[in-house]
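Peer 1: requesting a structural model of the entry that follows:
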Amino acid sequence: MTSVRAGLVTRSPQRLAADPSRVIARLFVPGQEAFERQDSRAAAVLARVLALDEDEVRSSLDDVIIRFDGRHRDLVDTFRGHARELADRLDPAMGISEARMLLLGAVFTSEYAIEGAALCNPSMVPHPHQTAIAAGSLRFVMSVRGIGEGHRSSIGFRTGAVDGAGERAVGDGDRHACEHDDDVRGRRAENDAGDANEGQTARAMGANVIARPAGGPTSASSIGRIG
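Peer 2: Numbering: from 1, shown residues only. Predicted coordinates for the structure are as follows:
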């Protein structure tokens, strides 16, 4: 028989709420939907961007940056990295402006809502840095499971503190989330092996996502993948 002691556990009214506006910018290379075909539609998209004149390129790039820059950290650098993934599809002798390369990176970028479905499974450990905190209080690091579009899971982090009376304060997640570098490198290797179709893109969606909290440092080496 299980014994229950009054006062052993106090249920807190505090809740963690999913934020579907938190998104990451991911490389997206379209492929054919039919399984018997492996041709990529990327060539047609590249041709359309290369056919634009420079005024159209600058206008289109400015429009994308104005609309999306506030949702991402280093969006222009992300576009630049995605453009490098497509460099082997371009004629090396072709002179391409920086603006056109960034636009190429932009059209092969998609947003993914890491908390589009739910935020759950919180787990806390003591924070490695306990300086500048009141006596009797404890700073902690909390891992959370974000469930995004397609029911793909990622791991995010929060920081907070518990005071001597047991009251908790949990910081909000950084509005700018980013992928763990190992996950990005793994997907790049997959794309190097051949044209990525939409199924390959979906399999890569189990991204490790770091939400860098303002309350303290986050160690990327501590991040794992939820299957």
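Peer 1: so which bits of the top helix by length along the chain are buried?
Peer 2: With secondary structure taken from DSSP state H, the chain has its longest helix at helix 54-68. Neighbour counts over helix 54-68 (16 or more other C-beta atoms under 10 Å) mark 57-58, 60-61, 64-65, 68 as buried. Where you see a C-beta, it was placed from the backbone N, CA and C, and this is true even at glycine.
Peer 1: now whichever helix or strand comes after it, how far from the centre of its chain.
Peer 2: From helix 54-68 onward toward the C-terminus, using DSSP states H and E, the following helix or strand is helix 75-85. In terms of C-alpha atoms, centre = their mean, to the nearest Å, the centre of helix 75-85 is found 15 Å from the chain centre.
Peer 1: give me the next element, helix or strand, following helix 75-85.
Peer 2: Going down the chain from helix 75-85, the next helix or strand is helix 98-107, by DSSP H and E.
Peer 1: so what does that following helix touch, helix or strand wise?
Peer 2: helix 42-50, helix 54-68, helix 75-85 (3 or more C-beta pairs under 8 Å, 6 or more residues apart in numbering; DSSP states H and E).
Peer 1: and those, which one's lowest on average pLDDT?
Peer 2: For those, mean pLDDT drops lowest on helix 42-50, to a mean of 89.
Peer 1: what helices and strands are in contact with that one?
Peer 2: When contacts are defined as 3+ C-beta pairs under 8 Å, 6+ apart, helix 42-50 sits against helix 98-107.
Peer 1: what sits up against the helix it packs on?
Peer 2: 45-46, 49-50, 52, 54, 57-58, 60-61, 64, 76, 78-84, 86, 96 (C-beta atoms under 8 Å, 6 or more residues apart in numbering).
Peer 1: please apply the same query to stretch 58-73.
Peer 2: Outside stretch 58-73, the residues touching it (C-beta under 8 Å, 6+ apart) are 21, 23-25, 52, 75-76, 78, 99, 102-103, 106, 111, 175-176, 178.
Peer 1: all set, thanks.
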